[in-house]
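Colleague: Got a predicted structure plus its sequence, pasted below:
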Amino acid sequence: MKNGLKMRNLILTQNSYIFIHKYFSKIFNDNNTKVIFIKEKKRGISKKYIEILHFFGWLNFICLGIMEIKTRLLFIFFERKYEYIHLSDKEINSYLKEELLENNFDNIISIGCPCKINPSLKKKFNTNILNVHGGILPYQKGRFSPLKSINSGHKYLGATIHIISQKFDSGEIISQSYFKLTNKNKIENYLKVVSLSAQLVESFFLGEIFKIKKNVLNNLEKI
């Protein structure tokens, strides 16, 4: 599989400045990488924030909001070369076809992209289509999996790079990394997973692949 910062990468991500400034700025600012921030139409902003509130609770929701505002204010002083678009699940794949016809991207990488990408694009355009998931697959699937895993009594959290398939979070696993849970602070652990995700992507670009220890997977399988 092709990887590396020398390859041409198209990254699809969410509209969060915390992601850009604190965790992914090194990756996103690479000259061989095009970054697109997608505001999902299908779910909508109101449903998005209701979901965040549900998983984090009021106090954490307010803390996250303050962090995001501070980061956006700081970001005014940094050069931006990102594209912001509004897309629905139906529109994302038409958009990607146009991008692939115009540009010879080696990797399409979803990092928190809210829309479903059609895996058939891989065969048609000979492009790797990958997802960076904030959880240890196959045991920590879905949105906000770190918070769900904490509530379920998991002792480990982590991140996974996998090939995108028809079924969410079920494609072939390429690389994984993890850490042992030491407390149940929701924001601290969620941002730690985001940080680990960024480290995992950087390692992937450098050709380093990691696999999680069997004892960790066995621990998760028993829950």
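Modeller: Good, I have the coordinates.
Colleague: C-alpha only now, for contacts and for neighbours.
Modeller: Fine.
Colleague: Could you list the low-pLDDT ranges of this protein?
Modeller: Counting by pLDDT under 70, the chain shows low-confidence ranges at 1-5, 42-45, 78-81.
Colleague: let's see it at 50
Modeller: The chain contains residues with pLDDT under 50 at 1-3.
Colleague: list the buried ones in the helix ranked longest in the chain?
Modeller: The residue-count maximum for a helix in the chain (DSSP state H) belongs to helix 186-205. For helix 186-205, burial by neighbour count (16 or more other CA atoms under 10 Å) applies to 186-187, 189-205.
Colleague: Next: stretch 163-181.
Modeller: For stretch 163-181, a neighbour-count test (16+ other CA under 10 Å) marks 163, 164, 165, 169, 171, 173, 174, 175, 176, 177, 178 as buried.
Colleague: how many neighbours does the closest residue to residue 195 other than its chain neighbours have?
Modeller: Take residue 195 and drop its neighbours on the chain: the residue closest to it by CA to CA, 6 or more residues apart in numbering is residue 23, 5.7 Å away. Residue 23: 19 surrounding residues under other CA atoms under 10 Å.
Colleague: all strands for this protein, in order.
Modeller: Counting by DSSP state E, one finds strands in the chain at the ranges 9-14, 33-40, 83-87, 107-111, 128-133, 156-163, 173-180.
Colleague: so which of those strands comes closest to residue 93?
Modeller: Proximity to residue 93, assessed across those by CA to CA, is greatest for strand 83-87 (9.6 Å).
Colleague: That closest one pairs with which strands, parallel or anti?
Modeller: strand 33-40 (parallel) (DSSP bridges).
Colleague: and the strand it pairs with, how far out from the chain's middle?
Modeller: With CA atoms, centre = their mean, to the nearest Å as the basis, strand 33-40 stands 12 Å off its chain's centre.
Colleague: same thing with stretch 23-30?
Modeller: For stretch 23-30, the distance to the chain centre is 13 Å (CA atoms, centre = their mean).
Colleague: What of stretch 202-217?
Modeller: Taking CA atoms, centre = their mean, one finds stretch 202-217 lying 16 Å from the centre of the chain it belongs to.
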